[in-house]
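1. dropping the sequence and predicted coords here.
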Amino acid sequence: MRPLKAIIHQASLRHNLATVKKIAPQSKIMSVVKANGYGHGLINAAQGLSESDGFAVLTLHEAIDLREHGFEQDILLLEGAFSAYEVSIAAKMNFNLVVHNLNQLHMIEKLKLDHPIHIHFKINTGMNRLGFNPKDVKEILHTIQKKSNFKSITLMTHFATADEPKGVDWQLNVFNDATHSFHYPRSVANSASIINFKNTHMDWVRPGIMLYGASPIVGQKSSAFNIKPAMELKSEIIAIQNLFKDDSVGYGENFKAKRDMRIAVVACGYADGYPRHAPTGTPVFIEGKKTSTVGRVSMDMLYVDITNIPEATISTPVELWGMHVHVDEVAEKSGTVGYELLCAISASRRVPIEIIHG
Ligand SMILES: *Cc1c(COP(=O)(O)O)cnc(C)c1O
């Protein structure tokens, strides 16, 4: 079997959840497990995060998967229902729905439901992605209160700049102005906001990336927030090439050796989710040493300088990211964020996931 695999550490997930609890002790925790648990596997992630008060997913399918695996917590669909059929299933299986526009509201209103639905009423406070216009909130909430299909309401918004100097006050003020006369539970904080702004913790927090051990704030190390990587991406050396000065390696002769070099060919490429934009110099961990990639990442393979690691040979293990090379370092070199790299691993659908319980 090809040696590439993603190893998921449930102990890290549990540790990171405990860290969120320490940072926001008064809030209930809705762990975000969308995108297949940020690439870790939905059920693997949920098992590691089983002490959560709730889970947030994107699709009805994910919500059903969680219920069928015995998770009895609140389960929230982050974009709500996409059809009347989905609303009726959500009502039957006791899923919570985001409601972010009038279409969704009318869809729920009109149905004959066995059980009323708990909704998260989403307000657009400046990100301009999903949510009701703040000036309409009062009127719409008053009409919802009278309709029997709505069991209860949580007020929700999402921040665009919780990880940036601009902060969240500009949106928080809009949120508070629009909702101050309603005494419903509130849910506003993503990972960056949980870390940066205590006043956003409120009734629920919605951590995602920090549960998986990557940093929500570009340029700040995750270890500074007491969170640990939950995924190790590991492979092996499958070939070794000895280069003379001026030889090149890989497509486009993108890298030329300035001296004689020993190069490892590693079984991992961009079709696995490793970023093709990772430049020469992206860190890799082999035999207890940090070294780096050279040349252009191929579809199924990449190249690593092992000139100074003479003990490295065919079958030697390689950590592409994990405990020694942080996924955020690879992301930063590649011009992206840890989020994208973690998600890409399961999106590739060809990296086996191995789960370490305990
Ligand atoms: C994805 C998501 C989160 C989690 O964000 P992180 O930055 O990963 O913590 C929270 N709330 C909503 C609405 C989301 O879509």
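-> Now that the structure is in, tell me what you want to look at. Residues are numbered from 1 along each chain as shown.
2. interface residues of this structure facing the ligand?
-> 32, 34, 78, 158, 190-192, 206-209, 216 (CB under 6 Å from any ligand atom). Quick note: C-beta positions are derived from backbone N, CA and C, even for glycine.
3. got the phi/psi numbers for Lys289?
-> Lys289 adopts backbone torsions of phi -130, psi 150, taken as degrees, to the nearest 10.
4. check the burial of Glu287 by counting its neighbours.
-> Residues contacting Glu287 under the criterion other CB atoms under 10 Å number 14.
5. can I assume it is in contact with Thr313?
-> No - applying CB atoms under 8 Å, one finds Glu287 not in contact with Thr313, separated by 9.6 Å.
6. now, the residues of the chain next to the ligand that are in helices?
-> Counted as lying in helices by DSSP state H, out of these, are 34, 191-192.
7. most surrounded residue in those?
-> Ser191 (29 neighbours).
8. give me the pLDDT value at the residue in the stretch 51-200 of the chain that the ligand sits nearest to.
-> Closest approach between the stretch 51-200 of the chain and the ligand, counting by CB to the nearest ligand atom: Ser191, at 3.1 Å. In this model, Ser191 is scored at 98, pLDDT.
9. for it, give its distance to Met107.
-> For Ser191, the distance to Met107 (CB to CB, to the nearest Å) stands at 31 Å.
10. again with Gly219
-> 42 Å.
11. give me the more crowded residue out of the two.
-> Using other CB under 10 Å, the more surrounded residue of Gly219 and Met107 is Met107, with 21 against 8.
12. wait, is Ala162 part of a helix?
-> No - assessed with DSSP: H, G, I helix; E, B strand; the rest coil, Ala162 is coil; it does not lie in a helix.
13. now it: phi and psi?
-> Taking degrees, to the nearest 10, you get phi -70, psi -20 for the backbone angles of Ala162.
14. for this structure, which residue gets nearest to the ligand?
-> Closest point on the chain to the ligand, by CB to the nearest ligand atom, is Gly208, at 2.3 Å.
15. neighbours of that residue, how many?
-> Residues near Gly208, counting by other CB under 10 Å, number 22.
16. correct me, but it touches Ala192?
-> No - using CB under 8 Å, Gly208 makes no contact with Ala192, being 9.9 Å away.
17. burial measure for Val20, as a count.
-> Using other CB under 10 Å, Val20 has 26 neighbouring residues.
18. does it really touch Ile194, like I thought?
-> Yes - the criterion here is CB under 8 Å, and Val20 meets it with Ile194 at 6.4 Å.
19. just the pLDDT at Val218, thanks.
-> If you check Val218, the pLDDT there is 88.
20. what of the one 10 residues further on?
-> The predicted local confidence for Lys228 comes out at a pLDDT of 97.
21. and Val188, what element?
-> In the assignment (DSSP states H and E), Val188 maps to strand 186-189.
22. centre of the chain versus that strand, how much separation?
-> Offset of strand 186-189 from its chain centre (CA atoms, centre = their mean, to the nearest Å): 18 Å.
23. how about stretch 22-35?
-> Relative to the chain's own centre, stretch 22-35 is displaced by 13 Å; criterion: CA atoms, centre = their mean.
24. could you pull out the strands for the stretch 151-300 of the chain?
-> For the stretch 151-300 of the chain, the strands defined by DSSP state E, counting those that start in this stretch occupy 186-189, 204-205, 231-243, 248-249, 255-256, 261-266, 283-286, 289-294.
25. the ones you listed into JSON lines, with extra columns for mean neighbour count?
-> Shown next, in JSON lines, are the strands of the stretch 151-300 of the chain (neighbours: other CB atoms under 10 Å):
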{"stretch": "strand 186-189", "mean neighbour count": "25"}
{"stretch": "strand 204-205", "mean neighbour count": "24"}
{"stretch": "strand 231-243", "mean neighbour count": "19"}
{"stretch": "strand 248-249", "mean neighbour count": "17"}
{"stretch": "strand 255-256", "mean neighbour count": "18"}
{"stretch": "strand 261-266", "mean neighbour count": "22"}
{"stretch": "strand 283-286", "mean neighbour count": "22"}
{"stretch": "strand 289-294", "mean neighbour count": "19"}
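26. quick one, domains of this structure?
-> 10-214, 231-356 (automatic domain parsing).
27. and those domains: which comes nearest Met1?
-> Minimum separation from Met1 across the domains of the chain (CB to CB) falls at domain 231-356, 7.9 Å.
28. roughly how far out does stretch 230-240 sit from the chain middle?
-> Relative to its chain's centre, stretch 230-240 lies at 22 Å (CA atoms, centre = their mean).
29. would you confirm that Gly252 contacts Ser298?
-> No - counting by CB under 8 Å, Gly252 stays clear of Ser298, with 10.7 Å between them.
30. tell me the contacts of the closest residue to Asp65 other than its chain neighbours?
-> Of all residues not flanking Asp65 in the chain, Leu42 sits nearest, at 5.9 Å (CB to CB, 6 or more residues apart in numbering). By CB atoms under 8 Å, 6 or more residues apart in numbering, the contact set of Leu42 is 33, 36, 57, 62, 65-66.
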